[in-house]
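Participant: structure for the following, please:
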Amino acid sequence: MKLVIAVVQDKDSNRLSNALVKDGFRATKLASTGGFLRAGNTTFIIGIEDERVPEVLNVIRNNCKTREQLVTPVSPMGGTSDSYIPFPVEVQVGGAAVFVMPVERFEHY
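Facilitator: Here you go, the predicted structure:
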């Protein structure tokens, strides 16, 4: 058994949730916040049999797309803010950060 943890952008959350349910996967959704952009994310926790891991990874891959987004950088900590002029920069957001970990024991009551 494996534990799959997928951190996805909020924009992809509902699409992924619907696809997981449609394909028979049960998942727990948690609201989370990214550290870099300080933007909302959703973290999915999925317990799955070893042989179904490629299948669930495929569902995640097909429903979480990367996109370009303009963001204004946060002012630097330290130094003077007088000389700091924030210019929007284009960064790649979205997709999914996925962790697959072995489960030593699983109990369901």
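Participant: and the helices in the chain?
Facilitator: For the chain, the helices defined by DSSP state H occupy 10-22, 53-63.
Participant: average model confidence for the last one?
Facilitator: Which is helix 53-63. Mean pLDDT, taken over the full extent of helix 53-63, equals 97.
Participant: on contacts alone, who are the packing partners of it?
Facilitator: strand 2-9, helix 10-22, strand 40-48, strand 96-102 (3 or more CB pairs under 8 Å, 6 or more residues apart in numbering; DSSP states H and E). Bear in mind the C-beta positions are built from the backbone N, C-alpha and C, glycine included.
Participant: what residues of that helix count as buried?
Facilitator: Val56, Leu57, Val59, Ile60, Asn63 (16 or more other CB atoms under 10 Å).
Participant: what's the distance between it and the middle of its chain?
Facilitator: In terms of CA atoms, centre = their mean, to the nearest Å, the centre of helix 53-63 is set 13 Å apart from its chain centre.
Participant: could you give the angle of that helix to strand 2-9?
Facilitator: For helix 53-63 against strand 2-9, the angle by axes from the mean of the first three to the mean of the last three CA atoms, to 10 degrees is 10 degrees.
Participant: contacts only, for the closest residue in space to Asn63 that isn't next to it in sequence.
Facilitator: The shortest distance from Asn63 to any non-neighbouring residue, by CB to CB, 6 or more residues apart in numbering, is to Leu16 (4.4 Å). By CB atoms under 8 Å, 6 or more residues apart in numbering, the residues touching Leu16 are Ala6, Val8, Thr42, Phe44, Val59, Ile60, Asn63, Cys64, Ala96.
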